[in-house]
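Trainee: Sequence below, structure please.
(one chain, ligands or ions: 1)
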Amino acid sequence: MKTYNIAVIEGDGIGPEITAAGMQVLEAVGQKYGFGFTFNKVLAGGRAIDELGYPLPEETVHACLESDSVLLGAVGGPKWDSLPGHLRPEKALLGVRKALELYANLRPARLLPELKAACPLRADIADKGFDMVIVRELTGGMYFGESGRRFGSGGEEAFDTECYSVMEIERIGVIAFELARSRRKNLISIDKANVLESSRLWREVMHRLAERYPDVQYSDMLVDNAAMQLIKNPAQFDVVVTSNMFGDILSDEASQITGSIGLLPSASLGETKRGLYEPIHGSAPDIAGQNKANPIATVLSCAMMLRLSLGQPEAAQDIEDAVSRVLAKGMRTADIAAPGEKALSCTEMTQAILAELA
Ligand code: NAD
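Mentor: Okay, the predicted model is just below:
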């Protein structure tokens with residue numbers, strides 16, 4: 001029997017609760033389709049700081065590199081907020097992404113028909129629904145560029161640098177064009193080419209790639225307009241590709257209009273099949289340990305892992321269908337329940353998904 005080796009970083013806050021749900025669902029779907037899993041739990045983030053004094057142990061990086069894919073809960077929390085930058089839990093995230101060379105972050109944002117009531121947009125906009133994937137460049141741009149402090153004529157200054165190479169733009173562009181080709185064949189690249197030189201290069205490279213994908217309808221959009229269009233007419237977006245910082249901001253905006261960040265999965269990919277899969281939300285310290293977390297974002301991240309890294313698209317679809325049926329039956333965790341509506345716990349929602357899968 002084929003057995004996949006998954007490195008699991010449970011992380012902090014609700015991390016252990018939601019990764020437990022993910023592992024249960026993977027095991028169940030594996031039994032159904034005839035494959036198995038070995039879950040190798042490894043430390044990173046706040047728990048690693050507590051136990052070892054630093055956020056990302058070498059063994060964790062090694063286990064991730066040896067794995068078929070990585071499942072991550074979330075790291076961080078107020079307990080570690082006052083630590084210096086290099087010792088903060090978030091360093092573990094950047095370290096794993098860097099070690100695995102994960103330069104593409106895929107974040108689907110879909111308004112499920114069952115959850116229209118949870119969408120904060122006007123009813124006529126929500127009624128149209130939307131189903132998009134934001135492809136965010138993950139290892140370049142301002143978050144990795146030169147930064148620092150210095151003294152200038154106005155006193156102390158601080159600077160961060162946005163820098164992209166043709167190679168970096170091209171490889172994220174290829175991922176986005178290929179994805180668009182497998183979906184509704186529409187790609188919008190978001191930049192700030194009216195102001196930034198790095199965006200002008202971004203646009204040039206995307207235009208060159210567009211010639212190689214004549215079947216994909218390609219267009220550019222300025223980031224300020226994109227922020228507006230996401231609220232005004234989200235149905236127009238199919239695949240969106242953008243830089244690290246613009247993607248960080250726009251994907252959070254897109255997540256909010258789906259109803260709850262407790263629903264949204266993500267995948268981070270590089271040149272190999274191995275990916276890192278995690279919900280887009282954080283460690284939710286306010287509800288940690290209370291069995292209240294919505295496990296759906298993590299469960300759907302596991303479905304993405306099956307489809308994009310493990311070559312099990314049927315099993316992935318099965319999980320996604322099970323989640324849709326559970327929601328269609330009106331089952332809700334607290335974050336998506338209407339006022340007065342009964343809310344399931346994290347374990348109850350997981351059991352409901354497992355029952356649908358069975
Ligand atoms: P958050 O996403 O953890 O929480 C924001 C709000 O959403 C909270 O009210 C929380 O209860 C709710 N929420 C989040 N996930 C939920 C779920 N599955 N079910 C129900 N409700 C959910 O964001 P935050 O509070 O800004 O950050 C908390 C910590 O998480 C911080 O330390 C932050 O740095 C970290 N963080 C980690 C990651 C990651 O590991 N990838 C991502 C974002 C934030």
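Trainee: what residues does this protein put near the ligand?
Mentor: With Cβ under 6 Å from any ligand atom as the criterion, the chain comes near the ligand at residues 74-77, 90, 93, 261-262, 278, 281-287, 293-294, 297, 335. In short, each C-beta sits where N, CA and C put it, glycine included.
Trainee: residues near the residue in the stretch 51-200 of the chain that the ligand sits nearest to, how many?
Mentor: When you check the stretch 51-200 of the chain against the ligand by Cβ to the nearest ligand atom, the closest residue turns out to be Gly76, at 2.7 Å. The criterion is other Cβ atoms under 10 Å. On that basis, Gly76 has 22 neighbouring residues.
Trainee: those helices in the stretch 151-300 of the chain, which residues are they?
Mentor: According to DSSP state H, counting those that start in this stretch, the stretch 151-300 of the chain carries its helices in the segments 166-182, 197-212, 223-232, 244-256, 296-308.
Trainee: Report the contact partners of the residue in the stretch 101-250 of the chain that the ligand sits nearest to.
Mentor: Of all residues in the stretch 101-250 of the chain, the one sitting closest to the ligand is Asp248 (10.2 Å; Cβ to the nearest ligand atom). Taking Cβ atoms under 8 Å, 6 or more residues apart in numbering, we find Asp248 in contact with Arg136, Tyr143.
Trainee: Can you give me the separation between the residue nearest the centre of the chain and Leu71?
Mentor: Most central residue of the chain, judged by C-alpha distance to the mean C-alpha position with Cα atoms, centre = their mean, is Ser266 at 2.6 Å. Shown here: Ser266 relative to Leu71, a distance of 12 Å by Cβ to Cβ, to the nearest Å.
Trainee: ok so, going back, ok, the residue nearest to the centre of the chain - contacts?
Mentor: Residues Asn105, Leu106, Arg107, Pro108, Tyr277, Glu278, Pro279, Ile280, Ser301, Met304 are the ones in contact with Ser266 under the rule Cβ under 8 Å, 6+ apart.
Trainee: got these as JSON lines, with pLDDT columns?
Mentor: Compiled in JSON lines, the contacts of Ser266 are given as follows (pLDDT from 0 to 100):
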{"residue": "Asn105", "pLDDT": "96"}
{"residue": "Leu106", "pLDDT": "96"}
{"residue": "Arg107", "pLDDT": "94"}
{"residue": "Pro108", "pLDDT": "94"}
{"residue": "Tyr277", "pLDDT": "98"}
{"residue": "Glu278", "pLDDT": "97"}
{"residue": "Pro279", "pLDDT": "95"}
{"residue": "Ile280", "pLDDT": "91"}
{"residue": "Ser301", "pLDDT": "98"}
{"residue": "Met304", "pLDDT": "96"}
